[in-house]
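1. Structure, please.
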Amino acid sequence: MAKSEKAKALEAKQKAEARAEKLRRKNSTNPADWGRWRQLVEVYKATKEHDPKLGLILVASFLVPFLVILALTLWLANGWLGILLWTILAITTGIMAVLLMLTRRARRGAYKRYEGQPGSAEVALNMLSKKWHSTPGIAVTKSYDAVHRTLGPGGLVLIGEGEPGRLKALLASEKKKHDQVLYGVQAQVVQMGTGPGQVPLDKLADHIKKLPKQLTDAQINETRNRLRSLDAMRPKAPIPKGPINMKGAHRAMRGR
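-> Predicted coordinates for the structure are as follows:
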C-alpha cells in the first residue's frame, strides 16, 4: 500500500530532525554531546599541549604489555586457537594500558593547565566519584577568593582558594552558616594552595577521598536537602570563568 502524503511528510520531517541533531552534536563544543571516542580525542589534544611526549608514552604503554604477552604466546600457546586467544589478550591489555596512562597524564595535565586560575578547585572536585556531590563557588568575593563545597561519605568539606589571609575569615563564616543548619554534621575546612597547612590542587581529590567515612547514603541525602534550603537564601555567586563547565572532559579522564 502506498504511503499517504501525510505519512511521507512525517517521515521526511523525522529524517530532517535526525540529520539536524546529528550535525548539532558533531559541531557542539559541549562535552555532554560528544561520544566516548571524541571525548578521548579531545582529552588527548588538551593533554598533549602540556605533555609533548604523550604520544611516545602511549605507544610505549601499548607495546610493553603487548610484547610481553606476545612472547608468552610464542612460548606457551599450542595450536592456532591458543595463539589467537593470547594475541587478543595482548591487544586488549595494551589498549587498557594506554587508557590508564592517558587518564593519569590527563589528570596531571588538567591540574597543570588550570593551576593558579580562579575556580581551579572544581577540576579536582570533578575527579571525585559519583558518591561525592560538589557545588563550586558557594561564596565568591570580588577578589575571586572562593569557597567550594563537596558532600560525600567523608562528610561535608568546604574548600577555600585564594589569598590565605582573606580566606580565613570567609571559610570561618561559611563553616558557621553550615554548622547552624546541619544539626550534627560538622563542616570540615580545607585551604587549597602550596603554603603550610594547605593542600595543593593536584592532591586535593586524593585528600578528600582519604577522609574517614562519616556519613551513610541516607545521611548524605538528608544533608543535601538541608543544604538546598541554605543555598536558596544565598545571592548568586559571581563564579569566574575558567575550569568551570569542563565536566564532560573530566568524566573522560576518570574513564567514565
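
2. what comes up buried for stretch 143-159?
-> 144-159 (16 or more other C-beta atoms under 10 Å). For every residue, glycine as well, the C-beta is placed using N, CA and C.

3. gap between the two ends of it?
-> End-to-end distance for stretch 143-159: 16 Å, by C-alpha to C-alpha, to the nearest Å.

4. I'd like the mean pLDDT over that stretch, please.
-> Summarised as a single mean, pLDDT over stretch 143-159 is 92.

5. That stretch: how far from the chain's middle?
-> Stretch 143-159 sits 16 Å away from the centroid of its parent chain (C-alpha atoms, centre = their mean, to the nearest Å).

6. Check stretch 77-91 too.
-> 36 Å.

7. how is this protein carved up into domains?
-> The chain breaks down by automatic domain parsing into domains covering 33-114, 121-234.

8. and Thr194, that's in a strand?
-> No - according to DSSP: H, G, I helix; E, B strand; the rest coil, Thr194 belongs to no strand; its state is coil.

9. Run through the residues that contact it.
-> Pro200 (C-beta atoms under 8 Å, 6 or more residues apart in numbering).

10. Check Leu125 too.
-> Trp132, Ser134, Pro136, His148, Thr150, Ile159, Leu204, Ala205.

11. Tell me how many other residues crowd the last one.
-> Counted with other C-beta atoms under 10 Å, residues neighbouring Ala205 total 22.

12. Against Pro65, how distant is it?
-> 27 Å (C-beta to C-beta, to the nearest Å).

13. Give the next helix or strand downstream of the stretch of helix or strand Leu67 belongs to.
-> Per DSSP states H and E, Leu67 falls inside helix 54-76. Downstream of helix 54-76, the next assigned helix or strand under DSSP H and E is helix 79-114.

14. Run through the stretch 1-150 of the chain and note the low-pLDDT ranges.
-> For the stretch 1-150 of the chain, the stretches with pLDDT under 70 are 1-3, 8, 21, 24-34.

15. now with 90?
-> For the stretch 1-150 of the chain, the stretches flagged by pLDDT under 90 are 1-55, 69-87, 89, 102-123, 126-127, 129-130, 137, 139-145.

16. In contact with Ser143, which residues are there?
-> When contacts are counted by C-beta under 8 Å, 6+ apart, Ser143 touches Gly162, Glu163, Arg166.

17. top of those by neighbour count?
-> Gly162 (21 neighbours).

18. Show the pLDDT at it.
-> Gly162 carries a pLDDT value of 89.

19. dump the residue contacts of it.
-> With C-beta under 8 Å, 6+ apart, Gly162 has these contacts: Pro118, Thr141, Ser143, Tyr144, Asp145, Ala146, Leu170.

20. Now Thr141. Its backbone dihedrals?
-> Backbone torsions for Thr141, taken as degrees, to the nearest 10, come to phi -90, psi 170.

21. Hmm, it is touching Leu170, no?
-> Yes - using C-beta atoms under 8 Å, Thr141 is in contact with Leu170, at 6.8 Å.

22. can you give me the helices in the stretch 151-256 of the chain?
-> Secondary structure of the stretch 151-256 of the chain by DSSP state H, counting those that start in this stretch: the helices cover 164-182, 201-209, 217-232, 247-253.

23. List the contacts of Val199.
-> With contact set as C-beta under 8 Å, 6+ apart, Val199 has these partners: Val190, Gln191, Met192, Gly193, His207.
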